[in-house]
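Q: Structure of the sequence below:
(one chain, ligands or ions: 2)
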Amino acid sequence: MSTNTSNAALAEWVNAVAKQTNPDQIHWCTGTDEENRELTELLLSDGSFKELNPETHPNCYLHLSDSQDVARVEHLTFICTSEEEDAGPNNHWMSPAEGHAKIDALFEGSMRGRTMYVIPYCMGPIDSPLSRCGVEITDSPYVVANMRIMTRMGSPALLRIERENTFVKGLHSIGDLSPERRYIMHFPEELSIKSFGSGYGGNALLGKKCHALRIASYQARNEGWLAEHMLILGLENPEGEVHYIAAAFPSACGKTNLAMLIAPESYKGWKIWTVGDDICWMRPGEDGRLWAINPEAGFFGVAPGTSKSTNPTALEMLYEDTIFTNVATTADNQPWWEGLDDRVPAKDWQGRDYDPANGPAAQPNSRFTVSSKRCGSYSEMAEAPQGVPISAIIFGGRRERLVPLVFETKSWAHGVLVGAAMASETTAAATGAVGVVRRDPMAMKPFCGYNFADYWAHWLSFTERADNLPGIFHVNWFRKDTDGKFMWPGFGENMRVLEWIVERCKGTVDAQETAIGFIPSTDDINVDGLSIDAEQMQELLSVDQQGWLGEVDQINEYLDTYGERLPASMREELHRIKQELG
Ligand code: OXD
Ligand code: MN
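A: Ligands and ions are numbered 1, 2, ... in the order given. Coordinates of the predicted model:
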């Protein structure tokens, strides 16, 4: 019998899992440095970790995963609610009984010969009322090492669980890593997760996507808050005022870069503070504003493309105390990935001598895991129990055509519609067909733990929950001209757009009203020092009436897939836009 906790439900669950999975031993994680040293020794001795160059990268380790286990697996990810309709067309569904039966059969005896780790963790600052706790049981020491960086893990979390007597249950086993025996199951009604057959972050670090988004989004609806796939940044102006912005973008749109943006030369006295780069939990405060925390304690970022020019802040944090997964290495054993610099790697992500004929040296989804505390722009407000007040919410997509650089929505309901219609266009290189629009509402398509129609209704209900809601904006850094060249420089220059957004929130700049929202005049975006002419700005800030009429029809078609459950006001908003387009 396990006696490491005074919480009866936890002790009972741990014992039941031990009986089912049959581990050799059970280790309750305390989160101490000593524990981490022992774990690192173990990972080094069994070959799961390789030490990287200790001169250039002290305390950094390389993990090479199974080559079949390098990403999230959406087709094997299920939401198991009693009613199929509650999972919605946006999720794969299985009944709870079938889900448990399928995955429990795999867990039977799966930890034989292994140690079972019990990881109590807290998502969010340990003393924040917005935080929520969970316990992950896993047979992977690599998962423990990552959870230690990504969450507040160990004894303080266990104490909070014992005090609150509630926690999300996450059961994980790597099994034999076969894609044939892999499932990521969520049981929102039971606040539980079962994940089998993958060691990859998004499938195995259960605090992240499984808990902090899928289960938390369901919990948030019941409890009146929001769990979102958003970065949080603080924008400080030369007067020392800080405005906090939460922003959702589909993958490959530069969320981590935006969260750590460095202001252009001409923006003396301006600074971006990083609160989080991936997940945001928001709740109305007594002042009617939305207050947000980043539930994570670290970054699990994509390595390729990270460089001195794209994200110097990120690069700087990766020289110490970092776990690298599936990157390449140089001859002197430093981590390397495409886009980092022009050195030639010695070994690829599968440990082979590098040969360009085998494809990229670093796996395209190779990752770094590093504590937020190592981030030079980390905001001390990220640790504040009350969170930070959000002035603006930004939705964004990768749209080569049609969608302006920035616009402000006219109301909360309009903002919710714009979030629901969020999309990225695929490129010819990726699909063979340019301009195929993929909808990714609020960047939550893979992460919303319930029916999107109910989720939008929940978003809409915030006008009754809070009377000082943030403005909702849409940005598009990715417009291209007829020669296929990007029209906006992006990266640090995006500061210029953030400045306009904050000024709109303060009411200190005008805008032009159009059918799709409020748009800046060309001279309201500061382009000093950029080689961009008035005509190009005009193009970036124009509304193509015919194009938007087509877009409205496409959005309508997409929303139709949610049938009767779709909130009526979303169609009304869309109808209004159509009327105003004329
Ligand atoms: C992530 C993702 O890893 O969105 O953050 O897939
Ligand atoms: Mn993400």
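
Q: So what's the gap between the longest helix anywhere in the chain and the chain middle?
A: For the chain, the helix that runs over the most residues, judged by DSSP state H, is helix 545-560. Its chain's C-alpha centre and that of helix 545-560 lie 28 Å apart, by Cα atoms, centre = their mean, to the nearest Å.

Q: Also stretch 392-410?
A: Distance, centroid of stretch 392-410 to centroid of chain: 19 Å (Cα atoms, centre = their mean).

Q: likewise stretch 132-145?
A: So, by Cα atoms, centre = their mean, the centroid of stretch 132-145 is 19 Å from its chain's centroid.

Q: Skipping adjacent residues, who's closest to the residue of the stretch 51-200 of the chain found nearest ligand 1 in space?
A: Closest residue of the stretch 51-200 of the chain to ligand 1, Cβ to the nearest ligand atom: residue 72 (5.7 Å). All C-beta spots, glycine's among them, are computed from the backbone N, C-alpha and C. Of all residues not flanking residue 72 in the chain, residue 202 sits nearest, at 3.9 Å (Cβ to Cβ, 6 or more residues apart in numbering).

Q: what's the answer for residue 306, then?
A: residue 314 (5.2 Å).

Q: How about the secondary structure of that neighbour?
A: Using DSSP: H, G, I helix; E, B strand; the rest coil, the structure places residue 314 in helix.

Q: Leaving out the residues flanking it, which one is nearest to residue 308?
A: Nearest to residue 308 is residue 315, by Cβ to Cβ, 6+ apart, at 5.9 Å.

Q: Least confident secondary structure element in the protein?
A: helix 428-431 (a mean of 48; mean pLDDT, DSSP states H and E).

Q: Output the contacting helices and strands for the next helix or strand after that helix.
A: Per DSSP states H and E, helix 428-431 leads on to strand 437-439 as the next helix or strand towards the C-terminus. Contacts defined by 3 or more Cβ pairs under 8 Å, 6 or more residues apart in numbering; DSSP states H and E place strand 437-439 against strand 423-425.

Q: Run the chain-centre distance for the strand it packs on.
A: Remark: strand 423-425 is offset 17 Å from the chain centroid, using Cα atoms, centre = their mean.

Q: That strand pairs with which strands, parallel or anti?
A: Here strand 423-425 is paired, per DSSP bridges, with strand 437-439 (antiparallel).

Q: if you average pLDDT over the partner strand, what comes out?
A: Per-residue pLDDT values over strand 437-439 give a mean of 89.

Q: Get me the contact residues on the stretch 251-400 of the chain for ligand 1.
A: 251, 278 (Cβ under 6 Å from any ligand atom).

Q: Could you pull up the residues touching residue 478?
A: Residue 478 makes contacts with 253, 397, 398, 399, 400, 486, 488, 490, as judged by Cβ atoms under 8 Å, 6 or more residues apart in numbering.

Q: hang on, the second one packs against residue 254?
A: No. Using Cβ atoms under 8 Å as the test, residue 397 is too far from residue 254 to be in contact (12.0 Å).

Q: Looking at these two, which one has more neighbours?
A: A direct count of neighbours by other Cβ atoms under 10 Å for residue 397 and residue 254 places residue 397 higher, at 24 against 21.

Q: contacting residues for residue 520?
A: By Cβ under 8 Å, 6+ apart, the contact list for residue 520 reads 406, 500, 509, 511, 512, 541.

Q: Quick check: of the residues you listed, which lies closest to residue 329?
A: Nearest to residue 329 among these is residue 406, at 41.0 Å by Cβ to Cβ.

Q: For the closest one, which residues are in contact?
A: So residue 406 contacts 473, 474, 475, 476, 497, 500, 501, 519, 520, 525, 541 (Cβ under 8 Å, 6+ apart).

Q: Mark which of those residues are part of strands, please.
A: Under the assignment DSSP state E, these contribute 473, 474, 475, 519 to strands.

Q: Which two of these have the greatest separation?
A: Going by Cβ to Cβ, the pair spanning the ones in strands among the contacts of residue 406 furthest: 475 and 519, at 11.8 Å.

Q: So if I had to pick from the two, which one is more boxed in?
A: Taking neighbours as other Cβ under 10 Å, residue 475 and residue 519 compare with residue 475 leading, 23 against 20.

Q: confidence score at residue 342?
A: The score at residue 342 is 97. That number is its pLDDT.

Q: Please disregard the earlier target; I meant residue 252.
A: In this model, residue 252 is scored at 75, pLDDT.

Q: hmm, back to that, out of the contacts of residue 406, who's the most crowded?
A: Of the contacts of residue 406, with other Cβ under 10 Å as the count, residue 473 tops at 26 neighbours.

Q: now the helices for the stretch 1-150 of the chain?
A: Under the criterion DSSP state H, counting those that start in this stretch, the stretch 1-150 of the chain contains helices at 8-21, 33-45, 84-87, 96-107, 141-150.

Q: Could you say which one of those helices comes nearest to residue 268?
A: Closest to residue 268 of those, according to Cβ to Cβ: helix 141-150, at 34.5 Å.

Q: Would you mind pulling up the elements that the closest one packs against?
A: Using 3+ Cβ pairs under 8 Å, 6+ apart, the elements in contact with helix 141-150 are helix 33-45, strand 115-123, strand 132-138, strand 298-302, strand 323-325, strand 367-371.

Q: Tell me which of these sits nearest to residue 446.
A: strand 298-302 (15.1 Å).

Q: Tally up the residues packed near residue 582, please.
A: Using other Cβ under 10 Å, residue 582 is surrounded by 7 other residues.

Q: Residue 488 too?
A: 23.

Q: which residues sit in contact with the closest residue to ligand 1 within the stretch 101-250 of the chain?
A: At 5.2 Å from ligand 1, residue 202 is the closest residue in the stretch 101-250 of the chain, using Cβ to the nearest ligand atom. Neighbouring residues of residue 202 by Cβ under 8 Å, 6+ apart: 71, 72, 208, 209.

Q: just residue 528 next, same as before
A: Listed by Cβ under 8 Å, 6+ apart, the contact partners of residue 528 are residue 266.

Q: Tell me the secondary structure at it.
A: Secondary structure state of residue 528, per three-state DSSP, is coil.
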